[in-house]
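Trainee: Got a predicted model here, sequence first, then my questions.
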Amino acid sequence: MESEFTPDNRMNSMMADYSHIKGWGIDADLENDPTYPMKKRTDEERFGYTWERPEQQPQDVEILTSTERNNMPAVFGTTVPPSGLSGMIRRYAYTWSESDLRRWIPLILADRIGAGEGIIDDLAHGKIPNIFAERGWTAEMKYNRKNFLLKVAAVTVVAVGVTALIVNRKKISGSLKSHR
Amino acid sequence: MIAMNFRGPFRVRADRDKPIPEIEHPNDAIVKVLRSCICGSDLHLYHGLVPDTRVGSTFGHEFVGEIVEVGSSVQNVKVGDKVIVPFNIACGKCAFCRQELFGNCHESNPEATAVGGIFGYSHTAGGFDGGQAEYVRVPYADVGPTVIPDWMDPDDAVLLTDVVPTGYQAAEMGGILPGDTVVVFGAGPVGIMAAKCAWLFGAGRVIVIDQLDYRLEFVQKFAQCEAYNFNYLGDVVEFIKHTTDSLGADVCIDAVGCEAAGDAMNTLLGRKLLLQGGTTTALHWAINSVKKGGIVSIVGVYGPVNALVPIGNVVNKGITIRANQASVKRLLPRLIEHVKNGVLSPKDMITHRIPLHEVAEGYHIFSAKLDNCIKPVLIPS
């Protein structure tokens, strides 16, 4: 794209001729100009926000609710109820309103702890997580092989270096002890 | 059944032992998924940026499928119908749905009031499982699901669940008047569609800004617009001003959201340290590039916490900001018409068709922008 960027080429050469664009202007709406506030009053605003509520979904799992609500919505998701340490943190987080950082920061923390709990849960069920596959690195190997090999080489160098460092330290500390 | 299973940031897999969902409410339907997409906003979940994204969740808010079971009160669709399922979960009865704000339904999300329920988009958006699976529970089956016309390609249909309506609404919220200059920040699928749709509202000039050359080349052809790589522009705002007689664009669209590149400090605060609700670089550029009295339309997704924006310039320039989750149900009839008439051809954006059991590769390809990926679609079978 760099070669196409020149001051002379900034303006679309087809400017003012839109015959090449199928549908040009077919949804143009001169009334839709939000720079001048226009608001349609609705029945809801005149008569208050009330409505005939849909039938209530029965609740048989723990659902954390926003402190800003005074009821359960008629429908809700029931996946992955809070559990474990992450669940405890989530319960705490949901005691704060949506406008409070104490609501959101603990939830991020709970998400990270949840990832660790997920690994423990996998192991508890006899499943060893295949981190390589879960991170989609087969695609990296296929489409970005050079970068993938560089990453592997870098990790290998670091791993070998750290191992050598640990081994050498042990040897040095062993020889110092023998000198004493 | 096979379903995508989130295991933590940058880690997903396809499990084969997830139970098939059941009817939990009389207006539920169970849908057998035919196609589901990975959305750019799924990457925010994948990257661990959306609070309350629980391990074990199944993502996927862009899907079409066949109804295989309905609850006792469902009347508008039946078993065997192939349906487009809007990403918003909407009751159709609350005050917001009655105003056609289907993205703001008040009867679908217990966990937060700021957003309505969304399929597979964390517990912050209602805790529903999504469509990156063989089957999915679809609440309010009488409201959202729309039967796919016989003539429509399922690849077009699946993009009508989010990408097309979101891009269209981005342009619509811009209040574009004939002849207006529109700048779209972001050449992902939504930005591409926003650029395409800007013409339908009569834009006089459409400019797209991104940093990925392959996407800029794509949008230039697909949306017949100008496309520039911000890495070569120097100061983006200065460029927009200079190319618009120093006045600025009439309309700027933020189609990037919380993972924008282009500013090191913003990236550090938003993406690395998570101290704000995402990186606001694209929004900064939009606010500072729009003309005085102009309109900034935001469809990029941001986190729920505070985010730094130049609000002083919004005041001083008299900018109107419009933003929302797309109201898919409201827009579907018009967009189906546009597909039928050949005005829009959404499926041309699909670059990758990936079996569901290779979902981890799909996420990595999309996230790392490998193999010139624009839009990946997952096929359950």
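Mentor: In hand now; what should we look at?
Trainee: ok, which stretches of chain A are helices?
Mentor: For chain A, the helices defined by DSSP state H occupy A:43-47, A:84-93, A:101-124, A:131-134, A:137-143, A:145-179.
Trainee: In three-state terms, label B:Leu378 for me.
Mentor: strand (DSSP: H, G, I helix; E, B strand; the rest coil).
Trainee: From chain A, how far off is it?
Mentor: Going from B:Leu378 to chain A by CB to the nearest CB, to the nearest Å gives 13 Å. Any C-beta I mention is one placed from the backbone N, CA and C, and that applies to glycine too.
Trainee: Any figure for the gap between that residue and B:Pro355?
Mentor: 7 Å (CB to CB, to the nearest Å).
Trainee: Then A:Asn70?
Mentor: From A:Asn70 to B:Pro355 the distance is 45 Å (CB to CB).
Trainee: who's more crowded, these two?
Mentor: B:Pro355 (14 against 7; other CB atoms under 10 Å in any protein chain shown).
Trainee: So what sits opposite the more buried one in the bridge?
Mentor: Applying DSSP bridges to B:Pro355 gives these bridge partners: B:Ile379.
Trainee: Which residues are in contact with it?
Mentor: B:Leu378, B:Ile379, B:Ser381 (CB atoms under 8 Å, 6 or more residues apart in numbering or on different chains).
Trainee: Let me know the pLDDT of the last one.
Mentor: So that's B:Ser381. As predicted, B:Ser381 sits at a pLDDT of 76.
Trainee: What separation is there between it and B:Leu356?
Mentor: 8 Å.
Trainee: Looking at the two now, which is surrounded by more residues?
Mentor: Neighbours per residue (other CB under 10 Å) separate B:Ser381 from B:Leu356, with B:Leu356 holding more: 21 against 10.
Trainee: pretty sure that one contacts B:Met4?
Mentor: Yes. Contact criterion CB atoms under 8 Å: B:Leu356 and B:Met4 qualify, at 7.2 Å.
Trainee: what sits in contact with each of the two?
Mentor: B:Ala14, B:Gln132, B:Ala133, B:Leu378.
Trainee: B:Cys37 is in contact with the last one, correct?
Mentor: Yes. Proximity of B:Leu378 to B:Cys37 meets the contact threshold set by CB under 8 Å, at 7.1 Å.
Trainee: which residues do those two both contact?
Mentor: Counting by CB under 8 Å, 6+ apart, the contacts common to B:Leu378 and B:Cys37 are B:Gly60.
Trainee: okay, the helices of chain A in TSV with distance to chain B, mean neighbour count and mean pLDDT next?
Mentor: Shown next, in TSV, are the helices of chain A (distance: least, CB to the nearest CB, whole Å; neighbours: other CB atoms under 10 Å in any protein chain shown; pLDDT from 0 to 100):
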stretch	distance to chain B	mean neighbour count	mean pLDDT
helix A:43-47	4	11	68
helix A:84-93	7	18	98
helix A:101-124	3	18	96
helix A:131-134	4	16	94
helix A:137-143	4	18	92
helix A:145-179	9	10	83
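Trainee: Contacts only, for A:Thr78.
Mentor: A:Asp60, A:Val61, A:Ile63, B:Glu24, B:Gly127.
Trainee: make it 10 Å
Mentor: Residues near A:Thr78 by CB atoms under 10 Å, 6 or more residues apart in numbering or on different chains: A:57-63, B:21-22, B:24, B:127-129, B:137.
Trainee: and B:Gly174, what does it touch?
Mentor: A:32, A:34, B:180, B:182-184, B:194, B:197-198, B:201, B:203, B:249-253, B:290, B:294-297, B:320, B:322.
Trainee: now A:Pro129
Mentor: Going by CB under 10 Å, 6+ apart, A:Pro129 touches A:Gly118, A:Ile119, A:Asp121, A:Asp122, A:Leu123, B:Arg7, B:Gly8, B:Arg11, B:Arg13.
Trainee: Could you rerun that using 7 Å?
Mentor: A:Ile119, A:Asp122, B:Arg7 (CB atoms under 7 Å, 6 or more residues apart in numbering or on different chains).
Trainee: what about the second one, distance to A:Glu68?
Mentor: Right, A:Asp122. For A:Asp122 relative to A:Glu68 (CB to CB), the value is 35 Å.
Trainee: and the helix or strand harbouring B:Glu66, is it in reach of chain A?
Mentor: B:Glu66 is part of strand B:63-70 when elements are defined by DSSP states H and E. No. Strand B:63-70 lies out of reach of chain A by CB under 7 Å from any CB of the partner chain, never closer than 14.4 Å.
Trainee: Show me what that strand packs onto, helices and strands only.
Mentor: Secondary-structure packing of strand B:63-70 (3 or more CB pairs under 7 Å, 6 or more residues apart in numbering or on different chains; DSSP states H and E): strand B:29-37, strand B:82-85, helix B:154-159.
Trainee: 10 Å instead, please
Mentor: strand B:29-37, strand B:82-85, strand B:135-138, helix B:154-159 (3 or more CB pairs under 10 Å, 6 or more residues apart in numbering or on different chains; DSSP states H and E).
Trainee: Parallel or antiparallel, list what pairs with the third one.
Mentor: So that's strand B:135-138. Applying DSSP bridges, one finds strand B:135-138 paired with strand B:29-37 (antiparallel).
Trainee: how close does B:Glu217 sit to chain A?
Mentor: Following CB to the nearest CB, the distance that separates B:Glu217 from chain A is 7 Å.
Trainee: which residues sit in contact with residue 111?
Mentor: Just so you know, I chose chain A. A:86, A:89-90, B:6, B:8-9, B:45, B:48-55, B:122-123.
Trainee: ah, no, chain B please
Mentor: Contacts of B:Glu111 by CB under 10 Å, 6+ apart are A:63-66, A:69, A:73, A:76-77, A:90, A:94, A:98, A:107, B:51-52, B:117, B:122-127.
Trainee: What's the PyMOL syntax to select whichever of those are buried?
Mentor: The following PyMOL line selects those of the contacts of B:Glu111 that are buried, judged by 16 or more other CB atoms under 10 Å in any protein chain shown:
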select buried, (chain A and resi 63+64+65+66+73+76+77+90+94+98+107) or (chain B and resi 51+52+117+122+123+124+125+126+127)
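Trainee: Return the subset of the contacts of B:Glu111 lying in strands.
Mentor: Using DSSP state E, the members of the contacts of B:Glu111 that fall in strands are B:Gly117.
Trainee: Quick check: B:Phe87 touching B:Asp162?
Mentor: Yes. At 4.6 Å, B:Phe87 counts as touching B:Asp162 under the criterion of CB atoms under 10 Å.
Trainee: Find residues that contact each of B:Ser381 and B:Leu356.
Mentor: Taking CB under 10 Å, 6+ apart as the contact rule, B:Ser381 and B:Leu356 both touch B:Ile2, B:Val33, B:Glu134.
Trainee: Out of those, the closest to chain A would be?
Mentor: Nearest to chain A among those is B:Ile2, at 14.7 Å by CB to the nearest CB.
Trainee: The nearest residue to B:Thr279 once chain neighbours are set aside and B:Leu283, how far apart?
Mentor: Nearest residue to B:Thr279 in three dimensions, chain neighbours excluded: B:Gly270, at 3.6 Å (CB to CB, 6 or more residues apart in numbering or on different chains). Applying CB to CB, the value for B:Gly270 to B:Leu283 is 11 Å.
Trainee: Between the two, which contacts overlap?
Mentor: Residues touching both B:Gly270 and B:Leu283 (CB under 10 Å, 6+ apart): B:Cys258, B:Ala260, B:Tyr302, B:Ala307, B:Leu308.
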